[in-house]
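# Take this sequence and fold it.
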Amino acid sequence: MAGLEARFRSDHDIAMTPISTLPPTTFPAIERLELPSADLRACIVAPLAEFSTKKDFAFMSRYVTLALRDERGVDGGLIAQVYWDWMHIEILAVPERWRGLGLGRALMEQAEAIARDEGCTGVWVDTYTFQSPGFYETIGYRPFGRLPNYPKGESRVFFAKLFQPDETPEPERAA
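Predicted structure coming up:
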C-alpha cells in the first residue's frame, strides 16, 4: 500500500489515490476516527512500511487464526500475526467452561508449530497480571518486559519463547 493517501469524505469513507497523482496540499489536519477499516489502516501504515522497506525490513505480515468451534459456533480461539520472523499472539481466549481441559495449551502448541514451519525465531505474547501470566510460564514462555500500573493496580507482562532455548529475550536498555 506504499504510495497511497486517504482523503476523507464527510461519511468517513475512504477514497485512495496514488500520492504521485495528487497536487501539493497544505499541512494535514488530524482527524479522530473510530474503528478504522482495513483500507484506512493500510493508508496509515503505508509510510512506516515504506520507511522500513528502505531499511531492508519490509513489513509483510499475515494473520493466523485458530478458532474453538462447537455445535453453537465459534467461541474463543487464538489470533496471531506473523512478521519479521516472529509470531505475535494477539488474542488467546478460552471460555471459562472449557478452561482446565488443555485447550489453551493446544492452541498455543498449534500456533507454535505454524511459527516453526514458517521459520520464525519464536513467539511472543502479552497478558495482564489479572489474567494468565502463570499459564505462559508453564508452557515455556519467559518474561522480558513489564508495563506497571496498566491497568491501574495491575501490570501488562510480555513473554517470549525462542525456538533456540539458549537465547533469552532481553529488555531494551536506555543508552
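# Could you use CA atoms for every contact and neighbour count after this?
Will do.
# For the longest helix along the chain, buried residues please.
Determined from DSSP state H, the single longest helix within the chain is helix 38-54. Of the residues in helix 38-54, 40, 42-44, 46-47, 49-50 count as buried by neighbour count, 16 or more other CA atoms under 10 Å.
# do the same with stretch 141-148
Neighbour-count burial for stretch 141-148 [16+ other CA under 10 Å]: 141-146.
# Which SSE is immediately downstream of the longest helix of the chain?
Per DSSP states H and E, the first helix or strand lying C-terminal to helix 38-54 is strand 62-70.
# Could you export that next one as PDB, CA atoms only?
Output in PDB follows, covering the C-alpha atoms of strand 62-70 (Å, rounded to 0.1, in the frame of the first residue of the first chain):
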ATOM      1  CA  ARG A  62      -0.200 -12.300   7.800                       C
ATOM      2  CA  TYR A  63      -2.700 -13.400  10.300                       C
ATOM      3  CA  VAL A  64      -3.100 -16.900  11.800                       C
ATOM      4  CA  THR A  65      -6.500 -17.700  13.300                       C
ATOM      5  CA  LEU A  66      -7.300 -20.800  15.200                       C
ATOM      6  CA  ALA A  67     -11.000 -21.000  16.300                       C
ATOM      7  CA  LEU A  68     -12.600 -23.000  19.000                       C
ATOM      8  CA  ARG A  69     -15.900 -24.200  17.500                       C
ATOM      9  CA  ASP A  70     -18.700 -26.300  18.900                       C
END
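# that older thread, for the buried residues of stretch 141-148, please prepare TSV with the additional fields distance to residue 130.
Output for these, formatted as TSV (distance: CA to CA, whole Å):
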residue	distance to residue 130
141	17
142	17
143	15
144	18
145	16
146	13
